[in-house]
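Visitor: Pasting the sequence and the predicted coordinates here, then a few questions.
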Amino acid sequence: MSMNNRFCFITNDVETTSILHHELRDETGKIVLEQGMPRLLDLYDEFGIKATFFYTGYIANLYPEVVKMAHERGHEIASHGYSHKVKNAFDVLSEQKIREHLFRSKNTLEQIIGEEVISFRAPALRVKKSISLALLETGFLIDSSVASQRIDMFLSFGVKHKLNWFRAPRGIYFTKAEDIYSRGNSELLEIPVSSVLLPYIGTFMRISPLIMNLIRTSLNLESKITGRHINFLTHPNEFIDETPIDSLNTTRRTKNYISYILGDLLRHRLKVKNLGEKAIPLFRKELEYLNNKQYNFKRCKDVYETYKLKRNASERST
């Protein structure tokens, strides 16, 4: 694959999570609408980037304009499930509830933009192996909930299922209907979040320039050799300025003490660095790097037919 045909996806998860307050807050959704989204959209315009925005149905219902403003600028509107509550994670919901949440989130977004929504990412990347079939049955064709060979899952919830990241393909692949972590013949296309042990995400961009430099350099080398995509994950709520609180009063979201220490307390301490306006120049640096390396910025839905044609051609030649 030539250098200028390498795909880069800038993906954004849009929700009411307050990183500073460590909880879901309707007030944070309003600040995302008024600060986070405009800052990101202006930055993407500066580089001529069309990105993918994954919205929870909850924030879409609460503030429909947060969806419309990205759609009007040509970005892809995608689903981030309906709720970002830990109890509604897609690795703990029943099969029936999974389908209900998928359908509800998809329908909410489609009613707002008047177009079909085909891409999905689970909140906190928490999915079961079997979710491929549920996604296909509810009209989704693309998923981006897998982070291949990422090892920091022990600092988050859903470790049991996230251990499957170790065996997932690193490149873009069609999944098995019964196993989203494996290459197969279903119609669901997986676009993994990029990682080199640690993920290529906004959190590490903000907490450690050294770590970020190692991640981006390694991913670029891998892409140069193999032609694999790069998928950077960030959140508009990383680019908002909220009123500080006593960070020692971290909200506890689980009864398990170890999960609380790793998934709540320690993770929260790391994630609050360089929030708001201070994150903009850091993100601009990432986009400048990718732009200078001549990556072809794509929305998730832009590559589906390309990979479908590749698979069909491969099947005909065998």
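Guide: Good, I have the coordinates.
Visitor: Tell me which helix or strand the nearest residue to Leu214 once chain neighbours are set aside sits in.
Guide: Once flanking residues are discounted, Leu214 sits nearest to Val196: 7.4 Å by CB to CB, 6 or more residues apart in numbering. Where you see a C-beta, it was placed from the backbone N, CA and C, and this is true even at glycine. Following DSSP states H and E, one finds Val196 within strand 195-196.
Visitor: So for that strand, mean pLDDT?
Guide: Averaging pLDDT along strand 195-196 yields 96.
Visitor: and for that strand, what are the contacting residues?
Guide: Strand 195-196 is contacted from outside by Ala147, Ser148, Gln149, Arg150, Leu214, Ile215, Ser218, Leu219, Glu222, using CB atoms under 8 Å, 6 or more residues apart in numbering.
Visitor: let's see it at 7 Å
Guide: Ala147, Ser148, Gln149, Arg150, Ile215, Ser218, Leu219 (CB atoms under 7 Å, 6 or more residues apart in numbering).
Visitor: so how far is it off the chain centroid?
Guide: 14 Å (CA atoms, centre = their mean, to the nearest Å).
Visitor: what does stretch 229-242 give?
Guide: Distance of stretch 229-242 from the chain centroid (CA atoms, centre = their mean) equals 9 Å.
Visitor: Please tell me how far the closest residue to Phe166 other than its chain neighbours sits from Thr226.
Guide: For Phe166, ignoring the flanking residues on the chain, the nearest one in space by CB to CB, 6+ apart is Gln149 at 6.2 Å. According to CB to CB, to the nearest Å, Gln149 stands 14 Å off from Thr226.
Visitor: Looking at the two now, which is surrounded by more residues?
Guide: Between Gln149 and Thr226, counting by other CB atoms under 10 Å, Gln149 is the more crowded of the two (17 against 12).
Visitor: what are the ranges of the helices in this structure?
Guide: Ranges of helices in the chain, per DSSP state H, are 26-31, 37-47, 57-62, 65-71, 95-113, 131-137, 159-162, 202-207, 209-226, 257-259, 267-271, 279-292, 304-317.
Visitor: Please name whichever of these is nearest to Asn185.
Guide: helix 304-317 (8.4 Å; CB to CB).
Visitor: Go ahead and name everything in contact with the closest one.
Guide: Leu141, Ile142, Ile172, Phe174, Leu189.
Visitor: so what pLDDT did Pro209 get?
Guide: Value for Pro209, per-residue pLDDT: 89.
Visitor: Count the residues that sit near it.
Guide: So Pro209, with other CB under 10 Å, has 13 neighbours.
Visitor: Look up how far His235 lies from it.
Guide: Pro209 sits 19 Å away from His235, going by CB to CB.
Visitor: Kindly report the same for Tyr181.
Guide: For Tyr181 relative to His235 (CB to CB), the value is 24 Å.
Visitor: before we move on, the earlier item: quickly run through the sheet partners of the strand holding Val196, with directions.
Guide: Paired neighbours of strand 195-196 in the sheet (DSSP bridges): strand 198-199 (antiparallel).
Visitor: Any chance you could list what contacts the strand it pairs with?
Guide: The contact list for strand 198-199 (CB under 7 Å, 6+ apart) reads Ala147, Arg150, Asp152, Val193, Phe204, Ile211, Ile215, Leu233.
Visitor: show me what contacts the closest residue in space to Asn296 that isn't next to it in sequence?
Guide: Excluding the flanking residues, the one nearest Asn296 by CB to CB, 6+ apart is Phe7, at 5.6 Å. For Phe7, the contacting residues are His229, Asn296, Lys298, Val303, by CB under 7 Å, 6+ apart.
Visitor: Now, of those, which are buried?
Guide: His229, Lys298, Val303 (16 or more other CB atoms under 10 Å).
Visitor: Who are the contact partners of the last one?
Guide: Just to be clear, that refers to Val303. By CB under 7 Å, 6+ apart, Val303 lies in contact with Phe7.
Visitor: gap between it and Phe239?
Guide: 26 Å.
Visitor: just the first one next, same as before
Guide: For His229, the distance to Phe239 equals 24 Å [CB to CB].
Visitor: Give me the below-cutoff pLDDT ranges for the protein.
Guide: The chain contains residues with pLDDT under 70 at 1-4, 245-270, 318.
Visitor: any idea which strand is longest in it?
Guide: Secondary structure assigned by DSSP state E gives strand 7-14 as the longest strand of the chain.
Visitor: Name the residues of it that are buried.
Guide: By 16+ other CB under 10 Å, the buried positions in strand 7-14 come out as Phe7, Cys8, Phe9, Ile10, Thr11, Asn12, Asp13, Val14.
Visitor: how about these in TSV, adding distance to Arg167?
Guide: Converted to TSV, the buried residues of strand 7-14 look like this (distance: CB to CB, whole Å):
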residue	distance to Arg167
Phe7	23
Cys8	25
Phe9	22
Ile10	27
Thr11	22
Asn12	27
Asp13	24
Val14	30
